[in-house]
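Participant: give me coordinates for this.
(one chain, ligands or ions: 2)
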Amino acid sequence: FWRDCQHYISERLSDQSFDNWVAPVYPTRIGDQTITLAVPNALTKNYWERHLSGYVIQFSLEVYGLEYTPTFVIVPEDQRESNQAKKVVPEVEDTGDFSESQLNPNYVFETFVIGEGNKMANGAALAVVDSPGKTYNPLLIYGGVGLGKTHLMQAIGNEIKRKQPSARIKYSTSESFMNDFITAIRDGSQAEFRSMYREIDVLLIDDIQFLSKKDKTQEEFFHTFNELYNNNKQIVLTSDRLPNNITNLEERLISRFKWGLSTDITPPDLETRIAILRKKASSEQLDVSPDTLTYIANNVDTNIRELEGALVRVIAYAAIQGKEIDTELAASALHNIINKGEAKPLTPDEVIEYVSRYYQITPEDIRGKKRTKNIVFPRQVAMYLTRELTEMSFPKIGEDFGNKNHTTVIHAYDKITDEIETDIQLKNEINQLKQRLQR
Ligand code: ADP
Ligand code: MG
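Facilitator: Numbers count the residues shown, from 1 in each chain. Ligands and ions are numbered 1, 2, ... in the order given. Predicted coordinates:
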């Protein structure tokens, strides 16, 4: 994916720009409609967001028919992969080695906007930072995707590290925990595995719902948990649901997860969504009017990841079009996303229009009273399709077809239904018309 994407971008940039902005960037993760790119500094991130993100979206749409929105992590020069054409690890993150806490430096409290939906969770996170291992242990943050669980969890790690640089902090997803565990068994390196997860001060395990059904991993995690807990080490967990609702999770783990505090994050309200967009825009030094931010926040209400994705898309769109960001531009940049799921229902007029064109007659012929065969048949087909593809009643369809009696419509419907039973060619024809009308 990345090599092809780089090629796509290279054809649209000067060599110098390419070497400067694209060459040092590599993907660290391809997830569900997002691709995470490692960039060397904030300047590069900023340039990408303003000028290059749109190419990745365009490329993924054109070539894969899927929209991947780039997100960025800043990985300073000295921590970068030596081989920049690095493998792309799908979904499961690389755990790296012990010295690496795996914390994303962008996920800090300063960039976390507080609203009704996350106030409690944020407060609990701050309490944990104040006295790790002493207040809420474990702290469990749960809620739907893209609502800030990972951000908040990593903010805890980053903040403890900042206050106490010697603190040993380990962030891992439950999947990486499992992968490390499996690798350790395979290589006979259980001792290293245990020191990696137990000789630490703070353990952050993201997305524990994936422990479901992993019996051996659950057992290992049980022992890890006990060891840390008994030594008053802080444990923070996230999940997409309460542990009780994770199927095939051992009872002894469920009960331990309840020892501390469970706090949920719920979707942000409009004010919070606007505040998040405002913060993001100003951190990118972008001047976006309150109206436009409100427009985006009003139309993207699923989760914060999508909200950020929408803003990135608007910024990229403006850069490609060479225009200023305003509400009109935002509307055209986002129309794919916004109109999703509320496709307008098909109307009889559209069916009549399409069918008459297909049979090379006019819509008036269909609505009229002529009884010649070359007109009656398309009329019946159009009635049949309207009945099949809309929720309308027979009398209502009759009305829309030039005030015809509902028995005429029923007759047409039954006739076509019978005919496609025996006439394969007609059946294919009708199916084709159906498919095209549904699009
Ligand atoms: P989750 O782990 O719940 O799926 P993430 O923590 O990955 O969600 O958040 C998705 C994106 O939204 C991240 O880029 C994150 O920085 C951003 N985000 C989430 N909550 C907030 C918030 N309250 N303020 C600012 N940004 C947020
Ligand atoms: Mg997460």
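
Participant: ok, Val25 - contacts?
Facilitator: If you count contacts by CB atoms under 8 Å, 6 or more residues apart in numbering, Val25 has them with Leu37, Ala38, Val39, Pro40, Thr44, Trp48. For every residue, glycine as well, the C-beta is placed using N, CA and C.

Participant: out of those residues, which are inside strands?
Facilitator: In strands, defined here by DSSP state E, the members of the contacts of Val25 are Leu37, Ala38, Val39.

Participant: same list, the contacts of Val25, but only the ones touching ligand 2.
Facilitator: Contacts with ligand 2 are made by none of the contacts of Val25, judged by CB under 5 Å from the ion.

Participant: and stretch 127-141, what's its mean pLDDT?
Facilitator: Taken as a whole, stretch 127-141 carries a mean pLDDT of 96.

Participant: wait, I meant stretch 5-14
Facilitator: For stretch 5-14, mean pLDDT is 86.

Participant: quick check: end-to-end length of it?
Facilitator: End-to-end distance for stretch 5-14, by CA to CA, to the nearest Å: 15 Å.

Participant: how about stretch 385-394?
Facilitator: One end of stretch 385-394 to the other measures 12 Å (CA to CA).

Participant: could the contacts of Val25 go into a markdown table alongside neighbour count?
Facilitator: Formatted as a markdown table, these follow (neighbours: other CB atoms under 10 Å):
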| residue | neighbour count |
| --- | --- |
| Leu37 | 24 |
| Ala38 | 22 |
| Val39 | 22 |
| Pro40 | 15 |
| Thr44 | 20 |
| Trp48 | 23 |
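
Participant: just the strands in the stretch 1-150 of the chain please.
Facilitator: Assigned by DSSP state E, counting those that start in this stretch, the stretch 1-150 of the chain shows strands spanning 26-30, 34-39, 69-74, 139-142.

Participant: Arg194 is nearest to which of those strands?
Facilitator: Checking the strands of the stretch 1-150 of the chain against Arg194 by CB to CB gives strand 139-142 as the closest, at 22.9 Å.

Participant: and that closest one, what other elements does it pack with?
Facilitator: Packing partners of strand 139-142 (3 or more CB pairs under 8 Å, 6 or more residues apart in numbering; DSSP states H and E): helix 119-130, helix 149-163, strand 234-239, strand 261-264.

Participant: could you list the paired strands of that strand along with their orientation?
Facilitator: Strand 139-142 sits in its sheet next to strand 234-239 (parallel), strand 261-264 (parallel), going by DSSP bridges.

Participant: which residues of the stretch 201-350 of the chain lie near ligand 1?
Facilitator: For the stretch 201-350 of the chain, the residues in contact with ligand 1 (CB under 6 Å from any ligand atom) are Ile276, Ile304, Arg305, Glu308.

Participant: if I look at the closest residue to Leu261 other than its chain neighbours, how far off is ligand 2?
Facilitator: Excluding its sequence neighbours, the residue lying closest to Leu261 (CB to CB, 6 or more residues apart in numbering) is Tyr136, at 3.9 Å. Computed as CB to the ion, to the nearest Å, the Tyr136 to ligand 2 distance reads 19 Å.

Participant: what about Tyr136, distance to Asn226?
Facilitator: Plainly put, Tyr136 is 17 Å away from Asn226 if you go by CB to CB, to the nearest Å.

Participant: out of the two, which sits in the busier spot?
Facilitator: Using other CB atoms under 10 Å as the criterion, Tyr136 and Asn226 rank with Tyr136 on top: 21 against 13.

Participant: pick out the residue of the stretch 51-200 of the chain closest to ligand 1.
Facilitator: Nearest residue of the stretch 51-200 of the chain to ligand 1: Gly148, at 2.6 Å (CB to the nearest ligand atom).

Participant: how many neighbours does that residue have?
Facilitator: Close neighbours of Gly148, defined as other CB under 10 Å, add up to 25.

Participant: with Asn41 instead?
Facilitator: Residues lying near Asn41 (other CB under 10 Å) number 13.

Participant: just checking, it touches Val75?
Facilitator: No: the criterion here is CB atoms under 8 Å, and Asn41 misses it with Val75 at 9.4 Å.

Participant: low-confidence regions, the protein specifically.
Facilitator: By pLDDT under 70, the low-scoring segments of the chain are 64, 81-101, 339-343, 439.

Participant: and the closest residue to Trp2 other than its chain neighbours, what are its bridge partners?
Facilitator: Nearest residue to Trp2 in three dimensions, chain neighbours excluded: Pro27, at 4.9 Å (CB to CB, 6+ apart). The partner list for Pro27 in beta bridges (DSSP bridges) reads Leu37.

Participant: just want the residue of the stretch 51-200 of the chain that's nearest ligand 2.
Facilitator: For the stretch 51-200 of the chain, the residue closest to ligand 2 is Thr150, as judged by CB to the ion, at 3.2 Å.

Participant: can you report how many residues lie near the residue nearest to that residue when sequence neighbours are not counted?
Facilitator: Among residues not flanking Thr150 along the chain, Asp206 sits closest, at 5.6 Å (CB to CB, 6+ apart). The local packing of Asp206 (other CB under 10 Å) involves 23 other residues.
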